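Novice: Using only what follows, build the 3D model:
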Amino acid sequence: LSICGKLCYAIGGAPNQVAGSAAAFFLQIYLLDIAHITPFHASLVLFIGKASGAVTDPVAGFFISKSRWTKIGRLMPWMLACTPFTVVSYFFMWYLPPFVSGRVAWYLTFYCLFQALTTLFQVPYSALTMFLSTDQKERDSATAYRMTMEVLGTLIGAALQGQIVASAHVSHHCTVNPPVNTTDSWHGTPSFPDPSDPLSHQVIYMIAAGVIGGVYLLGIVTLFLGVKEKDDPYALNSDRAIPFCKGLGLTMKHGPYVKLTASFLLISTAVQLEQSNFVLFCTHAADLRNHFQYLVVTILVSAAVSIPFWQKFLQRFGKKCAACGVSWMIPFAVMLVTIPNLILAYFVAFISGLSIAASLLLPWSMLPDVVDNFRLQNPHGKGHETIFYSSYVFFTKMSAGIGLGISAAGLEFTGYKPGICRQSNDVILTLKILIGAVPAILILVGLFILLFYPITEESRKETKLALEVLR
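Specialist: Here you go, the predicted model:
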């Protein structure tokens, strides 16, 4: 694989991360403080949206596995077809409709559409890794390029969104100490944006959505022009496609896949909880409302810079050993929750970026090894790659949706009020638990499961030699 080909492949997946990052960090606070829907309804939007994306994964995997080869490949047509619709749904996801009573249905509809369409892109895109090269090192290298660019995409999405919409969440009447003799938003009366302002808060969010929509178009053009899909380089001439239902059953019984998926669905849920509640935590629980966009950028710069380090680390010490880096964020996140200090917050952001980079790179680097292991045990079947990738994304999205829904429902239960400067102590405690305790437990349990993951560096080499003989 040429460096240019790897870069084009990596750039093609970045727009999904740009949009996903913006939604992960800002959609919850947008729904609460700009759209002014209740935390309970926000939890419904987040959970059902994630669930719709999760349900789309096996459906997409089924239809893609049945697709025929075309002049531009078997996977590329899916990515090209869904991108324009993804841009439209993303834009309207940030639009504030003039009516109030139907806003929940509006955001639910477009968030579900956005999640489903990004799935129709992500499943063939992630499976494309297996059709770039048969060499494990080349695939790992392409995955490292992809993860670096996706983290940069996450950085760009958070930075663009954060810088553009920061003014929507900095209220000039919210000072460190509450004003004397006042009954304004310090004491529970929400402050609403002035709709007569041409650059009001909702318009600012729409500008950000338009910019990120342009990034989508740039990414798909680069992918189409720079990447050539190979027609199933793994298949023998006598191979027959595995029926989807049979392939799904075999996938669910494959021990390495089950352990890998169970481990990283817990870890990815922890990262999702950190992302979705971090801005709320900085705004309401840590008195860092003027710094949250810079803290988010710090996290993502750290993650982007550390991807090459983790790639070298896993090559030298092994992928299971590299998983220990995911746990680095735990003690520092707990420190931030207990001692909300500005300098400490930036240090925690830096360490969290290192951990997030490891959590992003490892599963997508280990999944091709699982597919190779499955291929060795089932040498006369083909077309199973999309089944592995779609079902993996299904489980991680579903678990993340459950986690986000529960966290937003927790804010509703403890009395979160949109638009006020000072939330109740119960809300602040809930945010601290969602940032500190819950992710720590999920990460530790996920790493414990990963201890039983059976594919080692030695078994990877043996599998590689056996597949070369088979081919």
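Novice: Would you mind listing the outside residues contacting stretch 45-55?
Specialist: 27-28, 31, 37, 104, 107-108, 111-112, 114-116, 118-119, 276, 393-395, 397-398, 400-402, 404-405, 408 (Cβ atoms under 8 Å, 6 or more residues apart in numbering). The way it works is simple: take the backbone N, C-alpha and C, and place the C-beta from them, glycine included.
Novice: With stretch 151-159 instead?
Specialist: Identification of contacts with stretch 151-159 by Cβ under 8 Å, 6+ apart yields 13-22, 25, 212, 215, 293, 296-297, 299-301, 303-304, 307, 356-357, 360.
Novice: I'd say residue 266 and residue 440 touch.
Specialist: No - here residue 266 lies out of contact with residue 440, judged by Cβ atoms under 8 Å, at a distance of 11.4 Å.
Novice: neighbour count winner among the two?
Specialist: A direct count of neighbours by other Cβ atoms under 10 Å for residue 266 and residue 440 places residue 266 higher, at 23 against 18.
Novice: Number of residues surrounding the nearest residue to the more buried one once chain neighbours are set aside?
Specialist: Sequence neighbours aside, residue 446 is the residue nearest to residue 266 in space, at 3.6 Å (criterion: Cβ to Cβ, 6 or more residues apart in numbering). Using other Cβ under 10 Å, residue 446 is surrounded by 22 other residues.
Novice: what helix or strand is residue 446 on?
Specialist: Using DSSP states H and E, residue 446 falls within helix 437-450.
Novice: any idea which helix or strand comes after that helix?
Specialist: Helix 437-450 is succeeded, C-terminally, by helix 457-470 (DSSP H and E).
Novice: Check the average confidence over that following helix, would you?
Specialist: Confidence for helix 457-470, expressed as mean pLDDT, is 79.
Novice: any residues touching it, and which ones?
Specialist: Counting by Cβ under 8 Å, 6+ apart, 134, 136, 234, 236, 318-319, 369, 372-373, 375-376, 379, 455 sit against helix 457-470.
Novice: mind listing which of those residues are in strands?
Specialist: Among the contacts of helix 457-470, none falls in strands (DSSP state E).
Novice: List buried residues within these.
Specialist: 134, 136, 234, 319, 369, 372-373, 375, 455 (16 or more other Cβ atoms under 10 Å).
Novice: mind listing the helices for the stretch 301-450 of the chain?
Specialist: Assigned helices in the stretch 301-450 of the chain, in chain order: 319-322, 329-338, 342-377, 385-413, 425-435, 437-450 (criterion: DSSP state H, counting those that start in this stretch).
Novice: Kindly reformat those helices as JSON lines containing mean pLDDT and distance to residue 100.
Specialist: Formatted as JSON lines, the helices of the stretch 301-450 of the chain follow (pLDDT from 0 to 100; distance: least, Cβ to Cβ, whole Å):
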{"stretch": "helix 319-322", "mean pLDDT": "84", "distance to residue 100": "49"}
{"stretch": "helix 329-338", "mean pLDDT": "80", "distance to residue 100": "35"}
{"stretch": "helix 342-377", "mean pLDDT": "84", "distance to residue 100": "36"}
{"stretch": "helix 385-413", "mean pLDDT": "78", "distance to residue 100": "18"}
{"stretch": "helix 425-435", "mean pLDDT": "88", "distance to residue 100": "24"}
{"stretch": "helix 437-450", "mean pLDDT": "91", "distance to residue 100": "33"}
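Novice: hey, which of the ones you listed is tucked in deepest?
Specialist: The highest mean neighbour count among the helices of the stretch 301-450 of the chain, using mean count of other Cβ atoms under 10 Å, belongs to helix 385-413: a mean of 23.
Novice: so where's this protein uncertain?
Specialist: The model of the chain has pLDDT under 70 over residues 166-200, 231-242, 244, 380-383, 419, 471.
Novice: residue boundaries of the strands in it?
Specialist: Under DSSP E, the chain gives strands at 240-241, 381-382.
Novice: Can you report how many residues lie near the nearest residue to residue 286 once chain neighbours are set aside?
Specialist: Using Cβ to Cβ, 6+ apart and skipping the chain neighbours, the partner closest in space to residue 286 is residue 340 (3.8 Å). By other Cβ under 10 Å, 17 other residues sit near residue 340.
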